[in-house]
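J.: Sequence and predicted structure are below.
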Amino acid sequence: MKTYLGVAAGMVAGMVIGAFAVQGLHAQGKKAYTVTELQTLDAKLAAAVAPKIAAAQTSAGGRPFKTGGGKIIAMEGTPPERVAITEWDSLEKAQAFFKSKAWTDIGPERDKALKTVRRYAVETRD
């Protein structure tokens, strides 16, 4: 009888812990990724501005992947010359960064070095 009570108590404890874990995962929200397709206008300036962009994104909570300047292989269609991908905790944080003073301040230098062909954000699904 004591064994059954111990197993039942263990099951209840496991369900409670599991419920809190699932609730915590849902509270984390959906992540978002920004994808920027670029054309290099000045390679020397691009090399100088890329670390500034990454630092600004990091300080805003983004996690830049090291894709800028990486090799791109077409699987279908015509690939862009350069791609930059950044992970964000939410779509709102990504949008806020691209409207921020930090992003605007880098603008003149960035625009001399790189031409943005296309930029978009993708939110993960549940």
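T.: Looks like it arrived, so ask away.
J.: How about the backbone phi and psi for the residue nearest to L114 when sequence neighbours are not counted?
T.: Counting by CB to CB, 6 or more residues apart in numbering, L114 lies nearest to L38, which is 4.8 Å off, once chain neighbours are set aside. C-betas here are computed from N, CA, C, even on glycine. Main-chain torsions, L38, degrees, to the nearest 10: phi -130, psi 160.
J.: L38: what's it in contact with?
T.: G68, P80, E81, R82, V83, A84, L114, K115, T116, V117 (CB atoms under 8 Å, 6 or more residues apart in numbering).
J.: Relative to the whole chain's centre, how far out is stretch 52-68?
T.: The chain centroid and the centroid of stretch 52-68 are separated by 9 Å under CA atoms, centre = their mean, to the nearest Å.
J.: what's the span of it, first residue to last?
T.: One end of stretch 52-68 to the other measures 13 Å (CA to CA, to the nearest Å).
J.: Outline the domain layout of this structure.
T.: Following automatic domain parsing, the chain resolves into domains at 1-29, 31-123.
J.: Can you tell me the closest non-neighbouring residue to the residue most central in space within the chain?
T.: A centroid search over the chain (CA atoms, centre = their mean) returns E87, at 0.8 Å, as the residue closest to the centre. Of all residues not flanking E87 in the chain, R63 sits nearest, at 4.4 Å (CB to CB, 6+ apart).
J.: Tell me how far the one you found lies from I85.
T.: 10 Å (CB to CB, to the nearest Å).
J.: thinking again about what came up before, specify which member of the contacts of L38 is nearest to D42.
T.: L114 (8.3 Å; CB to CB).
J.: quick one, strands of this protein?
T.: If DSSP state E is used as the criterion, the strands of the chain fall at 32-40, 63-64, 82-88, 114-123.
J.: Highest mean neighbour count across these, which stretch is it?
T.: Of the strands of the chain, the one with the most neighbours on average (mean count of other CB atoms under 10 Å) is strand 82-88, at a mean of 20.
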